[in-house]
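Chemist: predicted model and sequence follow; I will ask about them next.
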Amino acid sequence: MITPLRYLKRIVKYLIINRKISVSFYELFPPDGESGDHYYRLDDYYFMFQALGYTVEHYRTNIRNSLVIIAMKK
């Protein structure tokens with residue numbers, strides 16, 4: 001889960017490295033070119049699964065900044 005603090009840290013890091021300000025989620029959290037890792041917001045998961053006809057639920061875990069997303073076909 002991407003917290004507001006983590007988002008703010010990425011904005012500062014982006015500003016230092018690129019010397020410009022960006023609040024674009026996809027510029028601040030780009031996919032990793034080698035491993036293909038992606039950062040998705042909770043809204044992104046809901047959008048993707050609901051567009052494919054799934055119902056979506058999420059539950060917080062006892063692991064910090066983590067949650068479980070369950071998608072069920074309608």
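Modeler: Nice, I can see it.
Chemist: could you use CA atoms for every contact and neighbour count after this?
Modeler: Noted.
Chemist: over to Cys58. Which of the three states is it?
Modeler: No Cys there; residue 58 is His. When classified by DSSP: H, G, I helix; E, B strand; the rest coil, His58 comes out as strand.
Chemist: burial of it, as a residue count?
Modeler: Neighbourhood size, His58 [other CA atoms under 10 Å]: 13.
Chemist: which residues touch the helix ranked longest in the chain?
Modeler: Determined from DSSP state H, the single longest helix within the chain is helix 4-18. With contacts defined as CA atoms under 8 Å, 6 or more residues apart in numbering, helix 4-18 is touched by 20-23, 28-29.
Chemist: give me the buried subset of those residues.
Modeler: Among the contacts of helix 4-18, those buried by neighbour count (16 or more other CA atoms under 10 Å) are 28-29.
Chemist: what residues does the next helix or strand after the longest helix of the chain touch?
Modeler: The element immediately downstream of helix 4-18 (helix or strand, assigned by DSSP states H and E) is helix 25-28. Outside of helix 25-28, the residues within contact range by CA under 8 Å, 6+ apart are 7, 10-11, 14, 22.
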